[in-house]
Structure formats: C-alpha cells, structure tokens
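Engineer: Provided below are the primary sequence and the corresponding predicted coordinates.
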2 protein chains.
Amino acid sequence: MAFTIIRTEGRARRGRFETAHGPVETPVFMNVATQAAIKGGLNSEDLERLDCRVALCNTYHLHLRPGEGVVRELGGLHGFMSWGKPILTDSGGFQIFSLASLRKITEEGVAFRSHIDGAKIFMSPEDSIRIQSGLGSDIAMAFDECVKLPAPRDYMAASCERTYRWLLRCRDELLRCNDAEGTVNRGQQLFGINQGGTDRELRLSHMEKLAALDLPGYAIGGLAVGESTQEMYETLDFLLPEMPADKPRYLMGVGTPENIVEGVARGVDFFDCVMPARNGRHAKLFTRSGTMNLKNEKYARDERPIEEGCGCPVCRRYSRAYLRHLFKAEEILALRFGVLHNLWYYNHLMEEIRRALEEGSFEDFRREFYRQREND
Amino acid sequence: MAFTIIRTEGRARRGRFETAHGPVETPVFMNVATQAAIKGGLNSEDLERLDCRVALCNTYHLHLRPGEGVVRELGGLHGFMSWGKPILTDSGGFQIFSLASLRKITEEGVAFRSHIDGAKIFMSPEDSIRIQSGLGSDIAMAFDECVKLPAPRDYMAASCERTYRWLLRCRDELLRCNDAEGTVNRGQQLFGINQGGTDRELRLSHMEKLAALDLPGYAIGGLAVGESTQEMYETLDFLLPEMPADKPRYLMGVGTPENIVEGVARGVDFFDCVMPARNGRHAKLFTRSGTMNLKNEKYARDERPIEEGCGCPVCRRYSRAYLRHLFKAEEILALRFGVLHNLWYYNHLMEEIRRALEEGSFEDFRREFYRQREND
C-alpha cells in the first residue's frame, strides 16, 4: 500500500492512495454512511451511481448497533452493506465526545453511556481498533480525544500527549489484529490524528511526533468544531507544510464546498462531512451558483431541474416544482432526492478538482468556482 | 378506448384495457402513490424497475397539496411525477369520509375540513371531476359516498340513490372537461362505483342502473371496510356475474395476496391496496410462503435475502441481517427496502397470475399458491 502523488500545483496535490479495495483518487470526498447506510434512504447501488469513491462509517454507532460481531460474520462492512470500494471507519472518539453522556477519561480509555439506551460502555484505544478490525474497513482511524474549543492550553497539551500514547497502542493493536486468524481485512491501514486546536506550537510538536511513526496517513482532527473559518485556514496554512508530503492528509469533518476548495489549495487530500446529506434532507441544495432552499414558494411552479445541466438522478428527470411538493408534503422521497443531488454535487466537485489538477489548471478552476458563486 | 378479454378460465379473465398512456394488461395491481409519490422514498424510476403497470394517486391529497393547478401546469400527474404509464385517480370521496373532519353531506356535495390545516372545503361531484381532469389521470373515479359498515339499510339505500345521481353529474362533467380547451388528458375515462355494503338487493339494483350507463369500467366500492373476508367473497360471488362482462372490474382497496387471488378467481380485473407499502415500512415482508417480520431477532445474522430466488432490487444484493439492522437502527433505507420488496412481490404475483391465465393454468396456480403458504 502506498500513496503516489501524480501532480502538484502550488500546495495542491493530485494523488492516488492504494487500499485493499482498490485505489482512491485524491483529492476525495468521503460519503458518510454512519450506520452502514447514508441517511435519507440511499443504498450502495446509489453510491455507485453518485460516483462515491470512499464510504465512511461510524465505529461508535456500529459498535452499539448491530455490533461488530454481526458485521464481521456478514463479511465486514463491505459484505454487510454490499459495497466493493474503500471504506474508512472513524475511531468512535468524536461520537463519544459529542453524543454519549457521563464520559470519564482515564489513561486506559473512556467510560461513557450509550446515547441509545444509557448502557455503560468502556472503550480503550485497543477496543476501538478491535471493533474497526471487526468492521473490516480499509482505513482505521486512531482513537483520540476531541477537545471542545476553547479549552485551557494545559488541558490541550496533556490531551495531545495522551492522544499520542493512545496512538502507539492503536498501532500495536492494529498490527496484532491484521495478523490474527479470521481477520476480515488484513490490509487495514491506520491513520494518526493530529490535535492541538488552533495552537501552532501544540499542533506542530504533536505533528512532529506523529510523523516519526511513518503511518500510512495523517488526519487533522479538532477543526471545524467552533473556531472561525479564518482560524481554520490559518491552522491549515502553518500545519500542512509540516505534514509528511508523501502521506495522504485528511481534514476531518470539513466542510462546505468553499472549505474543500481552500483545503485542496492548501494540500489536503481527504475530506468528509455530513453537511451535504444533512442539508439535502432539509431542502438546502448545492449548485454552482450557491445554495437554494427548495421549500421556497418561488419554486412552486418551476419546471426546471434543481440545476440546469446537472447529471444527477434527480435533475435528469424531476422538476423543482415536484421536489418542492415532496418536501412540503413531507414525503420521504424528498429526503432521498435532496441527498442524491447534494452528494452528486460534492462527488462531481471533487472530480472537477481532480481534473483541474491533472491539467495544471486548479487556480483557474478556483477563480471560476468563486466567480460563479458571486451571482448567488 | 376499449377492454378486450384475451382469455378466460372459469370466472377469471385475462384482459387488456386501453388508455391514453398505453394498454393495461389485466388482472393488474395498481401501486398507490398517494401524493404523487410512493410512501417510503420510491420514485417513478423505481416503479418502472418494479414492473408497476398503473400508478394510483389520491385526488383529496393532491387537491389540498400542491393543488391541481400546479400539477396541471407541470403537465398533469404524468409530467409532474415523470411517469409515462397509466394513472388512476380516486375521487376524493373515500378520504373525505376517512380523513377529513366535520363532514356535512348534501345533495350538492360534501363540506368538510382539511386534515392538514382545518381549512373549510366543499367538494361536489363536478369539483371532483374538474380536479381529476386537472391532474390528467387516465382513469377518473366517480365521486361517491363510502358508507361505514354496519349502517342502517334505509341510509344505505338513500346513499346508493345519491351516489347514482352524483355519477350522472360526474359523467356529464367529464365529457365537458375532456372537450374543454387546455385539458391535460382528453382521453380520461370514467369508472362508476357500485355501493350497497353486503346487501345483495341494494348492490344488484345499484349495479343494474350503473351498467345501463355503459361506462368504460366499473368499480366495487365499500368492501374491505369492516366486514369479514367471507362476507366480502360472498358479495363478489353474487355481484360479479351481474356486472357487464365486457367492462373492466375494479375491486377498490383490496387487499392481501389471498384476497387478490380470490378476487381474480371471481372475475376482478383491477386491484389496489396500501397494504404492501404500509407493511413494508413496518418490516412485514411478503414471500411465497407467507409474511415475515424482519425485526425478529432470528434474522440478526441471516445472510440470506428476504426470499431466495426473488429478483427484486433488495433481494438481489442485500441480506436479511443488513435489512434487520436498518430497521432496528431506524434508517430511512429500511422503509425504502421494505416497500421495494413488497411492491415487487405484488407486481410479480400479478405477472404470474396473468401468465397462468394465458396458459389456462390459473386453477393450478391457485392451488400451488396455497400449498406454498401451508409451510408458513
């Protein structure tokens, strides 16, 4: 397994990351299938049609329901959800810190209560990796603490230290799991996660220690959690040049189309975000010229597709008027249509970005991207 | 437009009904798309894949939202929902009597309040037909009163009389609408509705008057509304031989797979029912050997499809274990999968019935149908 950089333009990179389920052409946007399904009624056949390249599933949710034992028996997530392309699983850390209650962090791990039934659960770095190994994803994420900003610098520094010690335990456990008998996906690879909020010194010292481990990839965690967009971009500006150039870089949980274009320009390779699916379920649809709210009265008799020229399964056949009706009538089909269009938009945006990078015209693309939005 | 009987076996008929959007091969099960969409997130492309032959939309719902004016502007229901095959609209009568509140029936029509916002609405037979003309369906249903059983015989008799007078008004209004400028579907045809509960005399005298009008088709209303299955079959036994043999017969709102097989055996040509979609959304799935509840714990690790050999989009790719997980995790995809499978089952059942009738082997089919269910 390896990461190849095909072409660069400024700090932006057009790359290819090899996984046990085929290559991932980067920059890439991973489509979030939290419970082994995209919210809004999409299945793996839909993801193929939408040109999804990587599905992202959530370890915390799948551990609670149906449990990694069931998924493993059904052939891991690839067999379970019938998806043949790469899958990334997060570590569960972020959900424990955002969904679960009564958290207690120790050096050993995190005790918490399930958000579903209040059951007491304990998760160590080793547990997270064992669960992810059972899920059989191609990329496993290290178990980390996601500190809510703003946080005292002392706490943040101590958290970075612990996240590093946890990373070492994750690395060892993954090696053990990949060698164990009956492992679903022996080619599972670990990405480490850089933390440190917007503090330059913490970020860089943490990153330096991570880089020394020579992991298959590195993620930037703890951004887009409350800081301003400007602070996020500034963090990327100082952090990305210090990340290993020959490893993929994953900006976790980001973001808007603008965030993605700016992330790519600064050297990010992997993205994920619930925004396109969530917005789609709320009738907020992405187009080249910005976002539109399909519930707006002005679309009631609008015969046009969401976006002229869009090749998504919704725009090719249905009108704004019909889609608006479905939203107003609270039909489930409205959610499905909204998500289909928005994920198509994101996946297609990445395809355009990759093509521009291949042609050495990414800066032209970036200017045109903003020019089209000015008319919004 | 005409109805052709291709072959008969006993009282069962294999027929073809011509509409402005192509022929309907009968016996047929119409798929219920209440608000111009199948509940559970299915679109017209899905219906094509499921071999749906006729979509049924609800006049009451579409009149309230988005209003027939919007639908007409978008090209009628066919353009609005992008569906090129035949569409039947009900008259709104059944919903007024089951969903709306504060009903007041006069000779002129029915005053009621919308179940959505409580708005006062009045609907006459002419209104119902004008709405259906705006919707542009291929088959419009006459506006009738659906009397809840049991009901006093006097009331039922008076209701039948009024329903007949309303039918004459519907017929006249449809002729006017089909000739009017800007009509969406000039080939719209009217089906009359027979009422009379389970009372033989009322049913037959009402049917006799309806038959004299030489309408394109006749429906049996007011069954499956509380009487026993045996009473329903007995009503069909005495009623169907008295219905015009050269016109299609539509048994409204019926029913289970068994009801359909028994209806066909007695001479019914058209069916519709919300059951397959509703059951599908509740994890109750139809198979040759009966129904199964996918939420059952015993399916948690079951790798098999819902039904072995089923060609539906769910069974071809996904396991019972995955589907059960989706239901337990309350994913919208579960609803979609349940409905896709159940509508496929119904449409495929009708295809098997038609083939058996063509081959003169319907009685064999009927025996085998029950034999397979004995193992349930």
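Structural biologist: In hand now; what should we look at?
Engineer: quick one, phi/psi of A:Val24?
Structural biologist: Backbone geometry at A:Val24, expressed as degrees, to the nearest 10, gives phi -110, psi 120.
Engineer: Can you give me the neighbour number for it?
Structural biologist: Using other Cβ atoms under 10 Å in any protein chain shown, A:Val24 is surrounded by 24 other residues. (Glycine included, C-beta is placed from N, CA and C.)
Engineer: And for A:Gly76?
Structural biologist: 22.
Engineer: Would you agree it is in contact with A:Leu135?
Structural biologist: Yes - if you go by Cβ atoms under 8 Å, A:Gly76 and A:Leu135 touch, sitting 6.1 Å apart.
Engineer: right, is whatever helix or strand A:Gly79 lives in up against chain B?
Structural biologist: Secondary structure assignment for A:Gly79, by DSSP states H and E: helix A:76-80. Yes - using Cβ under 8 Å from any Cβ of the partner chain, helix A:76-80 reaches chain B at A:Phe80.
Engineer: what helices or strands is that helix leaning on?
Structural biologist: Using 3 or more Cβ pairs under 8 Å, 6 or more residues apart in numbering or on different chains; DSSP states H and E, the elements in contact with helix A:76-80 are helix A:68-73, strand A:87-89, helix A:125-135, helix B:320-328.
Engineer: Swap in 6 Å and give it another go.
Structural biologist: With contacts defined as 3 or more Cβ pairs under 6 Å, 6 or more residues apart in numbering or on different chains; DSSP states H and E, helix A:76-80 has no helix or strand neighbours.
Engineer: Give me every residue in the stretch 251-376 of chain A lying close to chain B.
Structural biologist: Residues of the stretch 251-376 of chain A lying close to chain B (Cβ under 6 Å from any Cβ of the partner chain) are A:Arg301, A:Arg317, A:Tyr318, A:Ala321, A:Tyr322, A:His325, A:Leu326, A:Ala329, A:Glu331, A:Ile332, A:Leu333, A:Arg336.
Engineer: Also the stretch 1-150 of chain A?
Structural biologist: Counting by Cβ under 6 Å from any Cβ, the stretch 1-150 of chain A sits next to chain B at A:Gln35, A:Ala37, A:Gly40, A:Gly41, A:Asn43, A:Arg65, A:Pro66, A:Val70, A:Glu73, A:Leu74, A:Phe80, A:Ser82.
Engineer: Next up, the contacts around the last one.
Structural biologist: Residues near A:Ser82 by Cβ atoms under 6 Å, 6 or more residues apart in numbering or on different chains: A:Ser44, B:Arg317, B:Tyr318.
Engineer: Not counting sequence-adjacent ones, nearest residue to the second one?
Structural biologist: In space, and not counting its chain neighbours, B:Arg317 is closest to A:Ser82: 5.0 Å by Cβ to Cβ, 6 or more residues apart in numbering or on different chains.
Engineer: what about the one you found, which SS state?
Structural biologist: Three-state call for A:Ser82 (DSSP: H, G, I helix; E, B strand; the rest coil): coil.
Engineer: still on that earlier bit, of the contacts of A:Ser82, keep whichever come out buried.
Structural biologist: With neighbours counted using 16 or more other Cβ atoms under 10 Å in any protein chain shown, these contain these buried positions: A:Ser44, B:Tyr318.
Engineer: Redo the contacts of A:Ser82 as CSV? Include pLDDT.
Structural biologist: Listed next are the contacts of A:Ser82 as CSV, based on pLDDT from 0 to 100:
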residue, pLDDT
A:Ser44, 98
B:Arg317, 98
B:Tyr318, 98
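Engineer: ok, now how distant is the residue nearest to the spatial centre of chain A from chain B?
Structural biologist: Compute the mean C-alpha point of chain A, and by Cα atoms, centre = their mean the closest residue is A:Asp272, 2.3 Å away. As judged by Cβ to the nearest Cβ, to the nearest Å, A:Asp272 and chain B stand 19 Å apart.
Engineer: What score does the residue in the stretch 1-150 of chain A positioned nearest to chain B have for pLDDT?
Structural biologist: Distances from the stretch 1-150 of chain A to chain B, computed as Cβ to the nearest Cβ, single out A:Gly41 as the nearest residue at 4.0 Å. For A:Gly41, the model assigns a pLDDT of 97.
Engineer: tell me the contacts of it?
Structural biologist: By Cβ under 6 Å, 6+ apart, the neighbours of A:Gly41 are A:Arg336, B:Gly41, B:Ile332, B:Leu333, B:Arg336.
Engineer: What of A:Phe80?
Structural biologist: Counting by Cβ under 6 Å, 6+ apart, A:Phe80 has contacts A:Ala36, A:Val71, A:Leu74, B:Tyr322.
Engineer: now do A:Leu149
Structural biologist: Neighbours of A:Leu149 in contact, by Cβ under 6 Å, 6+ apart: A:Gly197, A:Val225, A:Gly226, A:Glu227.
Engineer: Tell me the secondary structure at the last one.
Structural biologist: It stands for A:Glu227. Under three-state DSSP, A:Glu227 comes out as coil.
Engineer: Chain B versus that one, what's the distance?
Structural biologist: 32 Å.
Engineer: Correct me if wrong: that residue contacts A:Thr198.
Structural biologist: Yes - counting by Cβ atoms under 6 Å, A:Glu227 touches A:Thr198, with 5.4 Å between them.
Engineer: picking that back up, skipping adjacent residues, who's closest to the residue nearest to the centre of chain A in space?
Structural biologist: A:Met30 (4.1 Å).
Engineer: How many residues are close by that neighbour?
Structural biologist: There are 25 residues near A:Met30, going by other Cβ under 10 Å.
Engineer: For it, what is the enclosing helix or strand?
Structural biologist: strand A:28-32.
Engineer: what's the answer for A:Asp172, then?
Structural biologist: helix A:153-179.
Engineer: which residues of the stretch 251-376 of chain A fall in helices?
Structural biologist: A:257-266, A:275-281, A:320-328, A:332-358, A:362-374 (DSSP state H, counting those that start in this stretch).
Engineer: rewinding a little: show the buried residues in the residues of the stretch 251-376 of chain A next to chain B.
Structural biologist: A:Tyr318, A:Ala321, A:Tyr322, A:His325, A:Leu326, A:Ala329, A:Glu331, A:Ile332, A:Leu333, A:Arg336.
Engineer: with those in mind, which one is nearest to A:His206?
Structural biologist: Proximity of these to A:His206 (Cβ to Cβ) peaks at A:Arg336, which lies at 41.0 Å.
Engineer: dump the residue contacts of the closest one.
Structural biologist: A:Gly40, A:Gly41, B:Gly41.
Engineer: so how far is A:Ala180 from it?
Structural biologist: Note on A:Arg336: its distance to A:Ala180, by Cβ to Cβ, to the nearest Å, is 39 Å.
Engineer: what comes up buried for stretch A:164-184?
Structural biologist: Quick answer for stretch A:164-184 (16+ other Cβ under 10 Å): A:Tyr164, A:Trp166, A:Leu167, A:Arg169, A:Cys170, A:Arg171, A:Glu173, A:Leu174, A:Cys177, A:Asn178, A:Thr183, A:Val184.
Engineer: now swap in stretch A:285-301 and tell me
Structural biologist: A:Leu285, A:Phe286, A:Thr287, A:Arg288, A:Met292, A:Leu294, A:Tyr299, A:Ala300.
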